[in-house]
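Novice: got a predicted model here, sequence first, then my questions.
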Amino acid sequence: MDRKYKIPFALAILSAALMGCSSNKVKEEKVKPNPLPKIAQATGLIQVFSQSVSSTDKEDPLRLRLDADNGKIFLLDPNGKVEAYQGKQRLWSKKVTKNGLSSGVEAAQGLVIVGNTKGQLFALDQATGEQKWVAQLSGAIISPAHIQTGRVIVVANDGTVYAFDQETGQQAWTYKLSNASFSLRGQAAPVELDPRTIAVATSTGYVYAIDSLSGMPRMQRRVAVTDGRSDIQRLIDVDGEPVVVGQFVVTNSYQGQVTVLDLASQRVIWSVDAGSATRPEVYDNKVFVAQSNGKVAALDLASGQVIWSNDQLLNRQLSNAVMLGQYLVVGDLDGVLHLIDPNSGTIVGRSKTSGEVRTLRVIDNQLYVATRTGKLTVWQNR
């Protein structure tokens, strides 16, 4: 059962309770997003691929990412369908389940991996779309799997990490993470820490290192703390994937901190308040963060010192930030892709897709964009 509360829903209940204790004249204050800033001599991106799938609920912050492998693009439809494209040509389309899909796509080693809120994990053949195996987990699957060392590794929403044999789907091991009873609806996907180890972040502000073959834990470190008084104020979920850069692991937590963990000493070398539920970006010894309030900041990787901060996009519900060539790119609630100079923080251009941008990722120097309304696009620099 999916037991993680949706934060918009929780906030609505809290607001309703507070209003119920006050007079009828009390109105909920709505925060307006900043208008788009004016840009002189704006640049933009070129769209090279576009497909539309079913939309997701406005109050459900699922991030249904696309993936690419061997020159092919793989995408899922929340209604239960998976498709493969080469360029703009559709290679195959398969209805995987009647129960819908919710995980985002992982494509590697000849497989396409997707999952749903019923805890079903599906492995498809990349070439044909035929189902190779299916596995049942103990909770909803709302983040992509990760394929490493012959294992398909995925985290259920109840905090259990599963590893399955890549070829047969046989369960190899499980590991139970610490899990908060009240948290954001989200889960960071596992990432490679080294060729034999994965890193998994949790809703309790921890990062775990786990042996991908055996499931044995190698490290457990707290990377986020809070001094909030209420359940909502104490939310410190690490829902964005950790970023591994050499000996450093960079994380970002909701209402918490950007943190850099040194793997050699297994100690946090710096931590700066800059809360976000999205993945940080690291480039040229800078850590870039799109914060929950809409502020975008660049921090020095070695020290955590703020290099620049841009507040022109406040309350625009920003996606994660990524580097595409010479630009830092971030998406917003109106489908605008903002291009930012990574050295100064100046917004230098924009392009437009459709719907609130939920996920950005860069593969082979192309930008993969997924929105809440189901617009899936690929872009490149002019």
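Specialist: The structure has been received and is ready for your questions.

Novice: only C-alpha atoms from now on, for both contacts and neighbour counts.
Specialist: Will do.

Novice: Thr373 is in contact with Thr353, isn't it?
Specialist: No - the pair Thr373 and Thr353 does not pass the contact test of CA atoms under 8 Å, sitting 10.4 Å apart.

Novice: now stretch 260-275: average pLDDT?
Specialist: For stretch 260-275, the mean per-residue pLDDT is 91.

Novice: mind checking the SS state of the residue sitting nearest the centre point of the chain?
Specialist: Nearest residue to the geometric centre of the chain (CA atoms, centre = their mean): Gly240, 4.6 Å. For Gly240, the assignment made with DSSP: H, G, I helix; E, B strand; the rest coil gives coil.

Novice: wait, it touches Pro280, no?
Specialist: Yes - the pair Gly240 / Pro280 is scored as a contact, 7.3 Å apart, by CA under 8 Å.

Novice: overlap of the contact sets of these two?
Specialist: Contact criterion CA atoms under 8 Å, 6 or more residues apart in numbering; residues shared by Gly240 and Pro280: 251-252.

Novice: the stretch 251-382 of the chain: strands as residue ranges?
Specialist: Remark: strands assigned in the stretch 251-382 of the chain by DSSP state E, counting those that start in this stretch are 257-262, 267-273, 281-283, 286-290, 296-300, 306-310, 321-324, 327-331, 336-340, 347-352, 357-363, 366-371, 375-381.

Novice: picking that back up, for the residue nearest to the centre of the chain, what are its contacts?
Specialist: With CA under 8 Å, 6+ apart, Gly240 has these contacts: 187-189, 251-253, 277-280.

Novice: one more time with 6 Å
Specialist: 188, 277-279 (CA atoms under 6 Å, 6 or more residues apart in numbering).

Novice: kindly provide the distance from it to Gln47.
Specialist: 26 Å (CA to CA, to the nearest Å).

Novice: with Gly119 instead?
Specialist: Counting by CA to CA, the gap from Gly119 to Gln47 is 34 Å.

Novice: same question for Ala189.
Specialist: Distance from Ala189 to Gln47, by CA to CA: 27 Å.

Novice: where are the low-confidence patches of the stretch 201-350 of the chain?
Specialist: 224-238 (pLDDT under 70).

Novice: what's around the residue lying closest to Ala140 once chain neighbours are set aside, how many residues?
Specialist: The shortest distance from Ala140 to any non-neighbouring residue, by CA to CA, 6 or more residues apart in numbering, is to Thr117 (4.0 Å). When counting by other CA atoms under 10 Å, one arrives at 20 neighbours for Thr117.

Novice: report pLDDT for Thr117.
Specialist: 94.

Novice: equivalent analysis for Glu59, please.
Specialist: pLDDT at Glu59 comes out at 75.

Novice: kindly report the same for the one 3 residues further on.
Specialist: With respect to pLDDT, Leu62 has a value of 78.

Novice: and it, how far from Pro144?
Specialist: 11 Å.

Novice: ok, which stretches of the protein are helices?
Specialist: For the chain, the helices defined by DSSP state H cover 7-20.
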